[in-house]
Structures are given as C-alpha cells and as structure tokens.
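J.: the following block contains a protein sequence and its predicted model.
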Amino acid sequence: MRQAGRYLPEYRALKEKYSFLELVKSPEMAEEVTIQPLRRFPLDAAIIFSDILVIPEALGVPYSFREQGGISIDRQITSSDDVRSLDSSEISQKLNYVAEALKRVRNSIGEEKTLLGFGGSPWTLAAYMLEGGSSNNWHAAKAFFVTQRDAYEQLMHTIVEATVDYFKMQVAAGVDAIQIFDSWGAACPGHWYEAMSLRWIREIIAGLEGLVPIIVYAKGMAHHHESIAQTGAQALSVDWSVPIHELKATVGDRLVLQGNLDPSVLDTTPEITRNAVHEILTNMAPHTGYIFNLGHGIHPTAKIANMEALVNTVVDFPS
C-alpha cells in the first residue's frame with residue numbers, strides 16, 4: 001500500500017511548509033516524499049507520492065480537503081450535461097508533473113528497486129465526483145447509476161479514456177507496475193459490482209495491452225476474487241478481512257497476492273508487529289506468487305520502531 005510517510009518526522013516537517021496538493025504537484029517534493037521511506041528502510045519498491053483524484057481534476061473537476069476531514073469536490077457531477085462538459089483531452093500534459101516526479105524517482109532509485117504507479121478505479125473516482133466528495137453511504141453515486149444509466153456509462157468511458165492515457169504516461173516515465181485502487185468497491189451492491197466497477201477496470205487493463213503488470217486492490221471485496229481475476233489483473237492486493245493463505249490456496253498460481261497485515265498493528269509494539277508479520281509469512285511460505293504488504297494504507301500514528309520490526313522480519317525471513 002501507499003508508503004507515503006505520514007508517520008515520518010521528515011514528512012511532517014514538509015507538511016508544515018507545504019500543503020498536500022503542493023507536495024503532489026511539485027516533482028521535486030513528490031520525489032522527496034516518495035524516497036523518504038526508502039532512506040530509512042530496505043524496502044523493495046517505491047510507490048509514487050500522488051493522489052487518485054488527479055484524474056477528476058484533469059477532467060475539470062478540482063478537489064480539496066475539508067477542514068473537518070475528507071475530500072471536497074468543487075464541481076459535483078449531477079447530470080448528463082455535466083458529464084458532457086468533462087474534458088479528457090491532453091491528460092499527459094495536464095498531469096505532466098506526475099511524469100516528471102516518476103522520472104526523478106526512477107533516476108534516484110535506479111533499476112534495483114521496483115517503481116510503482118497507481119490510480120483510482122473508474123467507480124471510485126466517479127463516486128467522489130457524483131457525491132461531491134467523501135461520503136458515508138455513497139447514496140448519490142449509486143442513485144446516479146440507477147436513474148441516469150446512460151450518463152453513468154458515458155462518465156465511465158470518459159474516466160477510462162483519461163486513466164488509460166494517464167497509466168501509459170506512467171509507463172513511459174518508468175514504472176514497473178501499476179496498482180488500481182477500487183477503494184469504494186464495497187459500496188457497490190454485489191449484483192451491480194460488475195456493471196458499476198469491474199467492467200471498467202477490465203477496459204483499462206485491456207487498454208494497457210500488457211505493458212506492465214497490474215495489481216488491483218478492492219477494499220472489502222476479497223469474496224469477489226474470482227470476478228476480479230477476470231479483469232486481466234496479474235495481482236490482487238488483499239485487505240486484512242480474509243486469511244490470505246486461505247485465499248492463496250483458492251486462487252493458486254492464477255494470481256499473485258499482496259497483503260495483508262492490518263496497519264493497526266503498527267500502532268502497537270515491535271514484538272506484536274514481529275509476531276503478526278511472522279505469522280503471515282509462515283502461512284504463506286508454502287506458496288509462490290506473494291508480496292508482503294499491509295492490508296491498507298499506513299496510519300499517521302504508526303510507530304517507526306514497529307515499521308523497522310516489520311521490514312526486518314520480512315528481510316530476515318528464510319526464503
């Protein structure tokens with residue numbers, strides 16, 4: 001999951017001087033934040049410091065952060081006219097600051113470390129756009145799908161087109177793999193998950209024509225792993241709600257699995273962290289095609305000593 005060091009003092013020092021969006025849009029600062037965790041820990045990969053909502057912004061729907069927390073969308077999509085007004089042209093130019101940050105990171109880490117790009121699933125991006133920001137229930141987004149289906153599908157086509165361009169730009173800038181975050185997939189009713197989300201993830205993956213491996217993370221949707229496997233993704237990132245070794249026994253070699261330590265463990269102690277990591281690694285030892293990771297993004301309250309214990313346990317675990 002995202003390594004962005006909200007738990008690191010060096011990141012907090014930057015946040016005292018710059019806003020989150022200023023850090024994202026500055027290639028120099030985005031490189032710095034991306035590299036910070038690698039300076040402290042012997043990690044295998046860097047994931048670029050950015051945000052999934054750069055795509056809506058490039059389409060003409062800016063975002064900001066609410067004082068009380070969460071996302072605010074400055075221009076809520078409520079009609080087919082709003083959808084038609086979106087501009088999916090020149091995505092690479094609009095988001096060139098991400099490409100420049102990727103190139104800088106690639107140069108910094110060389111070829112020995114993996115560089116990961118990422119973006120949001122069309123449904124997750126649309127949910128913010130249709131809701132006007134963060135939501136506890138996503139009622140407006142789901143109602144739009146039901147009552148304005150043609151407009152919903154046009155919105156999806158627009159987001160897919162922009163996202164494919166964006167991911168191709170990331171590949172050209174040097175990423176080794178891309179992770180798609182279907183962060184709000186669990187808001188989709190099960191019988192609508194294909195039409196609301198998976199269909200559009202599949203179109204993105206097809207549009208990339210096998211350029212790089214694709215990892216899909218759908219929080220709370222491990223029970224849909226068979227459907228997610230059919231998107232064409234090479235890897236499935238799993239949250240902490242399912243025993244990952246049991247899921248691996250089901251999918252076998254069809255999918256690489258990534259995950260799935262509960263990030264709350266990093267708020268405890270080094271001993272608890274080591275034991276939790278060791279348990280997952282031991283359970284996964286008989287299997288190939290596995291990437292150890294968290295089951296969600298790291299918390300700002302994570303303790304550095306616990307992160308050190310996690311990384312050292314993984315590095316020292318017998319292969």
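T.: Everything's here; your move. Residues are numbered from 1 along each chain as shown.
J.: mind checking the SS state of Ser108?
T.: Secondary structure assignment for Ser108 (DSSP: H, G, I helix; E, B strand; the rest coil): helix.
J.: now do the contacts for it.
T.: Residues in contact with Ser108 (C-beta atoms under 8 Å, 6 or more residues apart in numbering) are 31, 35. Bear in mind the C-beta positions are built from the backbone N, C-alpha and C, glycine included.
J.: state the distance from it to Thr114.
T.: 13 Å (C-beta to C-beta, to the nearest Å).
J.: and Thr268, how many residues sit next to it?
T.: Other residues lying near Thr268 total 14 when counted by other C-beta atoms under 10 Å.
J.: what distance do you get for it to His296?
T.: 16 Å.
J.: can you give me the strands for the stretch 151-300 of the chain?
T.: Counting by DSSP state E, counting those that start in this stretch, one finds strands in the stretch 151-300 of the chain at the ranges 177-181, 214-217, 235-237, 256-261, 290-294.
J.: got CSV for the ones you listed, with mean pLDDT and mean neighbour count too?
T.: Listed next are the strands of the stretch 151-300 of the chain as CSV, based on pLDDT from 0 to 100; neighbours: other C-beta atoms under 10 Å:
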stretch, mean pLDDT, mean neighbour count
strand 177-181, 98, 23
strand 214-217, 98, 24
strand 235-237, 97, 24
strand 256-261, 96, 23
strand 290-294, 96, 20
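J.: could those strands go into a markdown table alongside distance to His224?
T.: Shown next, in a markdown table, are the strands of the stretch 151-300 of the chain (distance: least, C-beta to C-beta, whole Å):
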| stretch | distance to His224 |
| --- | --- |
| strand 177-181 | 14 |
| strand 214-217 | 10 |
| strand 235-237 | 10 |
| strand 256-261 | 14 |
| strand 290-294 | 19 |
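J.: nearest to Glu31, out of those?
T.: strand 177-181 (18.4 Å; C-beta to C-beta).
J.: partner strands of the closest one, with direction?
T.: Paired strands of strand 177-181, with direction, are strand 114-120 (parallel), strand 214-217 (parallel) (DSSP bridges).
J.: list phi and psi for the closest residue in space to Thr114 that isn't next to it in sequence.
T.: Leaving out its chain neighbours, the residue that sits closest to Thr114 by C-beta to C-beta, 6 or more residues apart in numbering is Ala45, at 3.8 Å. Phi and psi for Ala45, reported as degrees, to the nearest 10, are phi -150, psi 160.
J.: from memory Ala45 sits against Glu112, does it?
T.: No: if you go by C-beta atoms under 8 Å, Ala45 and Glu112 don't touch, sitting 10.5 Å apart.
J.: more neighbours: which of the two?
T.: Taking neighbours as other C-beta under 10 Å, Ala45 and Glu112 compare with Ala45 leading, 15 against 6.
J.: that one and Ser88, how far apart?
T.: On the measure of C-beta to C-beta, Ala45 and Ser88 end up 30 Å apart.
J.: now swap in Glu31 and tell me
T.: Taken as C-beta to C-beta, the span from Glu31 to Ser88 is 27 Å.
J.: from the chain's centroid, how far away is stretch 61-69?
T.: 19 Å (C-alpha atoms, centre = their mean, to the nearest Å).
J.: ugh, wrong one, I meant stretch 153-161
T.: 19 Å.
J.: so for Val277, which of the strands of the stretch 151-300 of the chain sits nearest?
T.: Short answer: strand 256-261, nearest of the strands of the stretch 151-300 of the chain by C-beta to C-beta, at 6.3 Å.
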